[in-house]
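Novice: next one to model:
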Amino acid sequence: MNDAIAPSLSMLLALRGEASVRRPPKRAREGASGAALSPLRGRGMEYAESREYAIGDDARHMDWRVTARSGRPHTKLFQPERERATWIVADRAPALYFGTRVRYKSVQAARLGASAAWSALNDGDRIGAVCGSASEPPRMPASGMRGVLPVLEALVRWYSQADQAHSFERTLLQLRRMARPGSRIVVLADPASVVAIDVAQWRALAKTGALHVLMPSDAFEQSPPRRRLRFLSADMRSEVDLGGADAYRRWQACFAGTLQQALTVIRDAGGEAQAVATEASASEWLTGFRAAQAEVA
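Specialist: Coordinates of the predicted model:
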């Protein structure tokens with residue numbers, strides 16, 4: 001199939017080199033003989049063990065089960081997660097399966113997701129993916145190529161054709177149940193899908209981890225010619241006359257206006273948002289992704 005209309009696995013595999021350019025330094029990690037476990041719990045921390053309570057320990061981390069069993073107060077100890085999870089979240093709205101510059105927006109979405117997966121591999125993260133479909137279970141985060149390849153294969157399948165039964169809201173709710181604090185979350189979405197989600201849900205995701213929302217953008221949608229346009233799909237023909245000022249304003253509100261609204265929603269919620277043209281490199285956006293990685297390391 002034409003790579004401009006549907007992504008191929010070979011295309012996504014080839015993006016590894018592009019995503020590896022200017023690879024950031026590895027995060028420092030404590031070994032087995034490193035610093036002592038912390039009694040404090042923060043982002044990216046997981047339970048390690050319990051010990052007897054000592055003066056100065058945070059009472060919020062009391063281990064009440066061990067305390068009840070032993071008869072002596074115990075507190076929980078936590079340690080940094082050895083591997084952070086990077087989640088690729090796929091919107092499959094029909095509006096993504098369109099394009100006039102180089103490739104469909106859906107293909108660019110797959111390319112963006114692949115570049116995120118390769119970058120996460122370089123950073124030593126576990127990689128997972130979710131699309132919220134009843135017939136497509138999530139790809140649970142895994143390390144190395146065991147994590148990357150299932151995600152790439154899923155992106156090829158998910159972005160080869162639209163899923164009319166797909167629910168973007170269900171996708172995000174599913175992700176919130178699975179993502180642990182300190183995760184990186186890369187959302188591939190159409191702007192209209194973004195603004196349809198309650199801002200409280202975006203705020204919750206931004207609190208869970210570093211939130212990046214990437215919206216493939218087609219130049220024709222953002223700035224169409226001012227004339228009568230004819231559209232042809234598999235089962236219908238339609239015409240839109242953009243010669244008049246009112247019609248052109250409505251078009252701009254529908255596409256450019258919705259994109260700006262989506263960018264504002266995500267940024268106000270505490271996440272990073274970016275429109276990526278269909279003809280753009282799939283890795284240009286990684287600068288912000290890597291900056292966030294350094295910030296939470």
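Novice: not counting its neighbours along the chain, what's nearest residue 282?
Specialist: Leaving out its chain neighbours, the residue that sits closest to residue 282 by Cβ to Cβ, 6 or more residues apart in numbering is residue 111, at 3.8 Å. Quick note: C-beta positions are derived from backbone N, CA and C, even for glycine.
Novice: run through the residues that contact the one you found.
Specialist: 7, 11-12, 15, 103, 282 (Cβ atoms under 8 Å, 6 or more residues apart in numbering).
Novice: could you do residue 109 as well?
Specialist: 90-91, 96, 155, 159, 188, 214, 216.
Novice: re earlier: can I get the contacts of residue 111 in TSV including pLDDT, distance to residue 206 and neighbour count?
Specialist: Compiled in TSV, those are given as follows (pLDDT from 0 to 100; distance: Cβ to Cβ, whole Å; neighbours: other Cβ atoms under 10 Å):
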residue	pLDDT	distance to residue 206	neighbour count
7	97	28	27
11	96	31	18
12	97	27	25
15	95	26	23
103	96	29	23
282	92	24	24
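Novice: so which of those residues sit within helices?
Specialist: Residues from the contacts of residue 111 lying in helices, with DSSP state H as the criterion: 11-12, 15.
Novice: in the stretch 1-150 of the chain, which spans are helices?
Specialist: Taking DSSP state H, counting those that start in this stretch, the helices of the stretch 1-150 of the chain run over residues 9-20, 64-70, 105-122, 144-158.
Novice: mind checking how far the shortest one is from the chain centre?
Specialist: Meaning helix 64-70. How far helix 64-70 lies from its chain's middle: 40 Å, per Cα atoms, centre = their mean, to the nearest Å.
Novice: so what's residue 54 closest to, chain neighbours aside?
Specialist: For residue 54, ignoring the flanking residues on the chain, the nearest one in space by Cβ to Cβ, 6+ apart is residue 75 at 7.6 Å.
Novice: circling back to that earlier point, from the contacts of residue 109, list the buried ones, please.
Specialist: By neighbour count, with 16 or more other Cβ atoms under 10 Å, the contacts of residue 109 hold 90-91, 96, 155, 159, 188, 214, 216 as buried.
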